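*Asks:* sharing a model prediction with you, sequence too.
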Amino acid sequence: MNGRGLGLICLAVAILGAGCSHAAIRGPASSRPATPATAATPSPSGPPISIASLSGRVTFSMDDDIFVMRADGSHVRRLTTRPGSEFDPTWSPDGTRIAYRDSRRGINNDDEIYVMNADGSGQRNLTRNRANDWGPAWSPDGSMIAFNSDRDLLPQLYVVRPDGTHLRRLTEIEAEYPAWSPDGKRIAFMSMQPDARGSDPNYDVFVVNADGSGLRQLTDWPGEDGWPAWSRDGRLIAFTTSHDDHGQSGDIGPYFDIWVMNSDGSGKRRLSSNFGMFPVWSPDGSVLMYAGDRLWVVRPDGSGLASVGSGTMPDWVPA
């Protein structure tokens, strides 16, 4: 069983000095028509963002465990301590709970979606099956959690209530790492294409209605496009891509940037000027955070780049 994105995730966590644990599953996918890509634009310069001005709480992965901190990088606290990997956290909209991937038996060995309280207590298995489940994402109203699972061999998109009931499959194509639109009507995700192979396999960003209808492809570049994140007003989607590697890809794998596009796939432009993955928007939509050699924040126009600490796979809620 191969790990989804194992090479690029190992690269990311190697840069971060963490264990190589953030893998998922590979499988075939179907292609769909896409909107044309546009050229990258240079990132603006300017003074860095004032970290002290950032508000809210961030959960993130590091050293095979889940942590929380204030958005300014202070008050870092570890939430999980058991043996094995626990990572890929996502906040409930009200900030009282965190859903995450539990890989206590080893990566891709009966991984489960767990939910815990914001202080790390009350850890509970949500999925309870022999398949691998990962990539949880809470709906804006808190009523559902989207995630991907290989219970039907091909990783596909599912939704389930936070108590584990009313499980429902949404996609027929390969689907991973879902992200809800702010109005809860659509879900963006990444999907492996039939020609995906090698160290930089072909993944693209898709969007589907929350009822499983209206599937649409938003990217069509060679290489990996994925880990989408909707802006708070629903107009933009930030994503990770290997499209523009600055000539820095090599034997260790591709070089990744953060790009943004309109929610219909148009207007693509590069946002980050350094290595970056796993974008998430601040609660007020004024800043994005992403993981590189550290956790970084940047404005949507590419200005103000500043570091807030170490970690990967962040998620951000109000204080």
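*Replies:* Yep, it's here.
*Asks:* contacting residues around the helix or strand where residue 135 lies?
*Replies:* Residue 135 belongs to strand 133-138 when assigned by DSSP states H and E. Strand 133-138 is contacted by residues 24-25, 88, 90-93, 99-101, 111-113, 127, 144-149, 151, 162, 176-180, 187 when judged by C-beta atoms under 8 Å, 6 or more residues apart in numbering. Yep, even glycine has a C-beta here, placed from its N, CA and C like the rest.
*Asks:* direction included, what does it pair against?
*Replies:* Its sheet considered, strand 133-138 pairs with strand 145-149 (antiparallel) by DSSP bridges.
*Asks:* tell me how far the partner strand lies from the chain's centre.
*Replies:* Centroid separation for strand 145-149 versus its chain: 12 Å, with C-alpha atoms, centre = their mean, to the nearest Å.
*Asks:* need the next SSE after that strand, C-terminal direction.
*Replies:* Next along from strand 145-149, by DSSP H and E: strand 156-160.
*Asks:* is residue 115 in contact with residue 96, as I believe?
*Replies:* No. Between residue 115 and residue 96 there is no contact under C-beta atoms under 8 Å: 10.4 Å.
*Asks:* comparing those two, which residue is more hemmed in?
*Replies:* Taking other C-beta atoms under 10 Å, residue 115 and residue 96 do not tie; residue 115 has more neighbours (21 against 12).
*Asks:* for the more buried one, which residues make a bridge with it?
*Replies:* Counting by DSSP bridges, residue 115 forms beta bridges with residue 99, residue 124.
*Asks:* so what's it up against?
*Replies:* 97-100, 122-124, 126, 145, 162.
*Asks:* separation between the residue nearest to the spatial centre of the chain and residue 85?
*Replies:* Nearest to the geometric centre of the chain sits residue 227, at 4.0 Å (C-alpha atoms, centre = their mean). Computed as C-beta to C-beta, to the nearest Å, the residue 227 to residue 85 distance reads 18 Å.
*Asks:* now the contacts of residue 115 in TSV, with neighbour count and distance to residue 133?
*Replies:* Shown next, in TSV, are the contacts of residue 115 (neighbours: other C-beta atoms under 10 Å; distance: C-beta to C-beta, whole Å):
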residue	neighbour count	distance to residue 133
97	19	17
98	26	15
99	23	10
100	27	11
122	11	19
123	16	15
124	14	14
126	22	8
145	25	10
162	17	14
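*Asks:* hang on, the earlier thing: average pLDDT for the strand holding residue 135?
*Replies:* In this model, strand 133-138 carries a mean pLDDT of 97.
*Asks:* how far off strand 156-160 does it point, in degrees?
*Replies:* 50 degrees (axes from the mean of the first three to the mean of the last three C-alpha atoms, to 10 degrees).
*Asks:* for strand 133-138, list the C-alpha coordinates in CSV.
*Replies:* Output in CSV follows, covering the C-alpha atoms of strand 133-138 (Å, rounded to 0.1, in the frame of the first residue of the first chain):
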residue,chain,number,x,y,z
ASP,A,133,-9.5,7.5,7.2
TRP,A,134,-7.8,10.9,7.1
GLY,A,135,-8.1,14.6,6.1
PRO,A,136,-10.9,15.7,8.4
ALA,A,137,-12.6,19.1,7.8
TRP,A,138,-15.4,20.5,9.9
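*Asks:* chain center to that strand, what's the gap?
*Replies:* 9 Å.
*Asks:* and if you look at stretch 99-109?
*Replies:* Averaging C-alpha positions (C-alpha atoms, centre = their mean) puts stretch 99-109 16 Å from its chain's average.
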